[in-house]
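# My questions are about this predicted structure, shown below with the sequence.
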Amino acid sequence: MPRKAQTESVADADAAPGGAAAVDRALSLLAAFRVGDAALTLAELAGRTQLYKSTALRLLASLEHAGLLQKLDDGRYALGSEVARLHGLYAASFSLDRVVLPVLKSLVAATGESAAYHVRQGKGDGWARLCLYRVDSPHAVRDHVRAGDLLPADRGAGARVLIAYGADTAGAPTPPSRKDRKLYETIRAQGYCALVGDRSAELAGISAPVFRADGTLAAALTLTMPTHRYDAAFVAPVREAAAKLSGRV
């Protein structure tokens with residue numbers, strides 16, 4: 001009879017409803033790989049997944065047979081060629097708007113304000129802030145920005161997030177003042193930026209970072225509104241929307 005694990009495995013703790021436990025456990029082995037991991041030992045894989053080594057070995061054999069993992073000469077395990085093939089298929093079929101726009105629409109429905117997805121356009125200190133996607137507020141009084149518009153790279157909540165989470169604050173279009181450096185530190189510490197009257201005296205914005213799967217900054221998700229409709233309660237849905245997109249863009 002199999003031994004009962006004293007500690008619940010990662011897969012068992014977050015099992016797919018109606019799913020197969022063995023599949024969940026095998027997938028947890030793939031998910032154990034992190035940025036910077038070229039290969040992992042059996043002990044490392046078992047430790048990260050909280051699986052018995054004997055269980056992990058059986059699952060690893062199946063993953064190796066499927067080409068999702070490969071066993072190296074030194075006994076460690078690395079991702080296999082099938083992962084690259086699947087990534088290629090995903091990349092070929094991937095459409096960013098199908099991922100981003102539903103999240104923006106949900107955010108607008110929840111808050112009644114305009115939502116946008118801002119990215120850096122260009123490199124070095126000559127970059128600009130591009131509004132890549134935008135969903136308008138149903139209110140007649142709102143800021144009028146369209147997808148494709150270039151916005152100030154050093155003002156507005158979205159710009160501040162792009163600077164704060166860039167390689168460093170030296171990536172700002174102009175050298176940040178001591179006050180701005182403190183602002184960027186605060187943004188990174190709290191995980192969002194909320195400003196009133198930064199880009200325009202009549203506008204307020206709340207922005208949160210969207211990260212790629214490798215942890216680098218992909219974009220700033222920003223909610224904008226007239227200053228008289230600013231509500232700190234909007235911070236939570238903005239951060240939730242940014243978290244939904246992180247790792248998917």
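Yes, it's here. Remember, it's a predicted structure, so these values are computed and weren't measured experimentally.

# Contact partners for Leu162?
118-120, 129, 153, 217, 219-220 (Cβ atoms under 8 Å, 6 or more residues apart in numbering). To be clear about C-beta, it is placed using only N, CA and C from the backbone, and glycine gets the same treatment.

# make that Gly215, sorry
Val35.

# how close does it sit to Gly67?
26 Å (Cβ to Cβ, to the nearest Å).

# All the strands of the protein, residue numbers only.
Assigned strands in the chain, in chain order: 69-71, 77-79, 114-121, 128-135, 150-151, 193-196, 203-211, 217-226 (criterion: DSSP state E).

# Rounded mean pLDDT for the fifth one, please.
Averaging pLDDT along strand 150-151 yields 90.

# what residues does that strand touch?
With Cβ under 8 Å, 6+ apart, strand 150-151 has contacts from 118, 121, 128-131, 145, 158-159, 199.

# ok, and the most crowded of these?
Comparing the contacts of strand 150-151 by number of neighbours (other Cβ atoms under 10 Å), Gly158 comes first, having 31 neighbours.

# sorry, back to before: CSV for the strands of the chain, including distance to Ala38?
Shown next, in CSV, are these (distance: least, Cβ to Cβ, whole Å):
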stretch, distance to Ala38
strand 69-71, 12
strand 77-79, 6
strand 114-121, 29
strand 128-135, 33
strand 150-151, 40
strand 193-196, 36
strand 203-211, 22
strand 217-226, 24
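
# rewinding a little: and which of the contacts of strand 150-151 is nearest Val249?
His118 (12.4 Å; Cβ to Cβ).

# The closest one: what's it in contact with?
Applying Cβ under 8 Å, 6+ apart, the residues near His118 are 129-132, 151, 158-159, 161-162, 207, 219-222.

# and of these, the nearest to Ala189?
Out of the contacts of His118, the member with the shortest distance to Ala189 (by Cβ to Cβ) is Val161, at 13.0 Å.

# and that closest one, how many neighbours does it have?
30.

# close enough to count as contact, it and Ala220?
Yes - between Val161 and Ala220 there is a contact at 3.9 Å, judged by Cβ atoms under 8 Å.

# ok now the helix or strand bottoming out on mean pLDDT in the chain, how far from the chain's centre?
Lowest mean confidence among the helices and strands of the chain (mean pLDDT, DSSP states H and E): helix 81-93, at a mean of 81. Computed by Cα atoms, centre = their mean, to the nearest Å, the chain-centroid distance of helix 81-93 equals 20 Å.

# Which strands and helices lie in contact with it?
Using 3 or more Cβ pairs under 8 Å, 6 or more residues apart in numbering; DSSP states H and E, no helix or strand is in contact with helix 81-93.

# hmm, back to that, so can I have TSV of the contacts of His118 showing distance to Asp180?
Listed next are the contacts of His118 as TSV, based on distance: Cβ to Cβ, whole Å:
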residue	distance to Asp180
Arg129	16
Leu130	21
Cys131	22
Leu132	24
Leu151	17
Gly158	15
Ala159	11
Val161	13
Leu162	13
Ser207	15
Ala219	21
Ala220	16
Leu221	21
Thr222	18
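
# returning to that earlier point: identify the contacts common to Val161 and Ala220.
With Cβ under 8 Å, 6+ apart, Val161 and Ala220 have common neighbours 118, 207-209.
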